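Enquirer: next input, structure requested:
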Amino acid sequence: MIPKIFKSLTGLCLLVLVHSCSLEEMPKTMLTEEQVYGDDNNIKLLISGLYTQWRNTKQDRGGFMFSLGSDEAKQGSLQVLESSVQGALDSYNSGFNAANTSLSEQWSKRWPVITAAAKAVKYAKTPALQAQARFIRATLTFELAMLWGPIPIIDMDNMRESRQPEKDVFQFVIQDLEYASMHLQDQESDKKIPTKGAALALLGKVYLYAPQATEIRNYEKAISYFDQVIPKYALLDNYADLFNTSLNQNSSESIYAFQFVNIYPDNNMAQHHAGSRAVADLDGNCSFGGYDLILPTAYYHNDIANGGVWEPGDSRKLASIRYDFTLPDGRIPKITWTGQQDELEPHTRKFEDGRTQGKQNFWNSGGLIYYLRLSDIILAKVECLNELGKTNEAIQLLNSTVRKRAFKNNIPAAYSLAGYSQSQLRDYIMDERMRELGFEGWRRMDLIRTGNLVKYVSQRNPWAKASGMLKEFHNRYPIPDSEIKQNDMITEADQNPGY
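Expert: I've put the predicted structure just below:
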């Protein structure tokens, strides 16, 4: 039997070409693999299609699945009631299992892209094209390994279709990114194509994020890559400008972002799930309407004085979270027929698209979704410095960059971090990453790599706290039942412990 993760390869590759080019010599349905991969023009078209497929893993509801069940994000009350399968991603109850379709769908979306990228790596004749394919393969392999643990390694010259040791997987990711960093361009006019800076930034993150057991985690190496990236980019003066769709979001701070516009099918649809139903019920063309799939936890939206994360005077708070739901015309929404009070609790505002206000339904939100940006890399370097015992240097870097912007160049003396120990700064960095990067897709990985998932989520996520069922084995998602049933190389015995 052909393993499930490879089944969609030929169909995906041919589909990409059918929709991307005109081959008039013979009917498109008769294209052979040799014809698909024998010409770099076709490889280029294939890779262009793969960028769309990769981007679309961040589109619509699926773009939030890995953020649920964290200490920064939770599902709305109605969402939990309507879907026990999806609800399990927050409650960690018995529905968080190998049959969970919300998770298996995300698993299945990624493997055809990885496999097609592997084909492009094998057949591409130019280093530039191979570098792009390697970057795509590396990003998705890294993501899957962080969330599922040991996974297959898709290399057409050395196929390893069973679950491979994490050390081997991370070394494979590093090899791809090293190649990409050598052969990608410093700049690209087509923003969907990654640059050398993106490869270097992700290389540094891989050396920081790799599980300790792999013996790959290396703070010095991570810093060596971060130091090649940081000088080439610049923080924006105003944090809120990052999410302002009336501005050029491909700014000096963006290292790599998924390119969306507010026109179907290239809209990200994120606000549809991140906004308020109470607003949507009152005005379907209000830019902050939506249907409460994913909301900030109380820890993420509250001030320190109220048991939350925000320090007084931090400008990122109001740029990141919407507390006021008064419509532009002065109308005030009310809780809808659902009776769920969280419809008017704080919501994220990072996906609001001002271009839709009063003109289009919020479903047409189309701002960029960031994958790598400079502040993330600075914070990663701060963390590495601290882990190396250079705590004062880490504090100086943090205060002179990310926090300086957050406090409009005037950090209150009470929050200067002076005298912080390594342990204190370690905890502080986790909060700082939430303040800076909330809802940008890194939180679950941050919790996993630092060993804090159970500690933080069991107390800060209301659904997980209510169920009391979150355990250490939940640091890894279950291998989907559908994969085990159709892949001869992965059996029940290969399932992650606990499932």
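Enquirer: who touches Thr214 in this structure?
Expert: Contact analysis of Thr214 by C-beta atoms under 8 Å, 6 or more residues apart in numbering lists Glu166, Lys167, Phe170. (C-beta placed from N, C-alpha, C; glycine too.)
Enquirer: convert the C-alpha atoms of the helix or strand containing the last one to PDB, please.
Expert: In other words, Phe170. When elements are assigned from DSSP states H and E, Phe170 belongs to helix 166-183. What follows is helix 166-183, C-alpha atoms only, in PDB (Å, rounded to 0.1, in the frame of the first residue of the first chain):
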ATOM      1  CA  GLU A 166      14.000  13.500  16.100                       C
ATOM      2  CA  LYS A 167      17.800  14.100  15.900                       C
ATOM      3  CA  ASP A 168      17.800  12.900  12.300                       C
ATOM      4  CA  VAL A 169      14.700  15.000  11.400                       C
ATOM      5  CA  PHE A 170      16.200  18.200  12.800                       C
ATOM      6  CA  GLN A 171      19.500  17.500  11.100                       C
ATOM      7  CA  PHE A 172      17.600  17.100   7.900                       C
ATOM      8  CA  VAL A 173      15.800  20.400   8.400                       C
ATOM      9  CA  ILE A 174      19.200  22.100   9.100                       C
ATOM     10  CA  GLN A 175      20.700  20.700   5.900                       C
ATOM     11  CA  ASP A 176      17.800  22.100   3.900                       C
ATOM     12  CA  LEU A 177      18.100  25.500   5.500                       C
ATOM     13  CA  GLU A 178      21.800  25.700   5.200                       C
ATOM     14  CA  TYR A 179      21.500  25.100   1.500                       C
ATOM     15  CA  ALA A 180      18.700  27.600   1.200                       C
ATOM     16  CA  SER A 181      20.700  30.200   3.100                       C
ATOM     17  CA  MET A 182      23.500  29.800   0.600                       C
ATOM     18  CA  HIS A 183      21.400  30.000  -2.600                       C
END
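Enquirer: what's it packed up against?
Expert: helix 127-148, helix 196-209 (3 or more C-beta pairs under 8 Å, 6 or more residues apart in numbering; DSSP states H and E).
Enquirer: sorry, back to before: which one among the contacts of Thr214 gets closest to Leu388?
Expert: Phe170 (20.3 Å; C-beta to C-beta).
Enquirer: local confidence estimate at the closest one?
Expert: Listed pLDDT for Phe170 reads 98.
Enquirer: can I assume it is in contact with Val206?
Expert: Yes - at 6.5 Å, Phe170 counts as touching Val206 under the criterion of C-beta atoms under 8 Å.
Enquirer: so what sits against both of those two?
Expert: In contact with both Phe170 and Val206: Phe142, Ile216, using C-beta under 8 Å, 6+ apart.
Enquirer: distance to Ile114 for the contacts of Thr214 - can I get that in a markdown table?
Expert: Below are those laid out as a markdown table (distance: C-beta to C-beta, whole Å):
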| residue | distance to Ile114 |
| --- | --- |
| Glu166 | 16 |
| Lys167 | 19 |
| Phe170 | 15 |
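Enquirer: and the helix holding Phe170 with helix 127-148, angle?
Expert: With axes from the mean of the first three to the mean of the last three C-alpha atoms, to 10 degrees applied, the angle from helix 166-183 to helix 127-148 works out at 150 degrees.
Enquirer: of the contacts of Thr214, which is the most crowded?
Expert: Phe170 (23 neighbours; other C-beta atoms under 10 Å).
Enquirer: contacts for the helix holding Phe170, please.
Expert: Residues contacting helix 166-183 (C-beta under 8 Å, 6+ apart): 127-128, 130-132, 134-135, 137-138, 141-142, 145, 149-151, 153, 155, 160, 194, 196, 199-200, 202-203, 206-207, 210-211, 213-216.
Enquirer: just the buried residues of the residues you listed.
Expert: If you count burial by 16 or more other C-beta atoms under 10 Å, the buried members of the contacts of helix 166-183 come out as 130-132, 134-135, 137-138, 141-142, 145, 149-151, 153, 160, 194, 196, 199-200, 202-203, 206-207, 210-211, 216.
Enquirer: ok, back up a step: reformat the helices and strands packed on helix 166-183 as JSON lines; add mean pLDDT and distance to Arg405.
Expert: Formatted as JSON lines, those follow (pLDDT from 0 to 100; distance: least, C-beta to C-beta, whole Å):
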{"stretch": "helix 127-148", "mean pLDDT": "98", "distance to Arg405": "27"}
{"stretch": "helix 196-209", "mean pLDDT": "99", "distance to Arg405": "19"}
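Enquirer: for these, which one sits closest to Ser421?
Expert: helix 196-209 (20.6 Å).
Enquirer: and the helix or strand just after that closest one, what's buried?
Expert: The helix or strand immediately downstream of helix 196-209 is helix 219-229, counting by DSSP H and E. Under the neighbour-count criterion of 16+ other C-beta under 10 Å, helix 219-229 has Tyr219, Lys221, Ala222, Ile223, Tyr225, Phe226, Gln228, Val229 buried.
Enquirer: and the residues you listed, which is closest to Glu432?
Expert: When the buried residues of helix 219-229 are compared against Glu432 (criterion: C-beta to C-beta), the nearest one is Phe226, at 16.0 Å.
Enquirer: the closest one: what's it in contact with?
Expert: Going by C-beta under 8 Å, 6+ apart, Phe226 touches Ala201, Gly204, Ile377, Ile378, Ala380, Lys381, Cys384.
Enquirer: ok, the fifth one touching Tyr219?
Expert: It stands for Ala380. No - using C-beta under 8 Å as the test, Ala380 is too far from Tyr219 to be in contact (9.8 Å).
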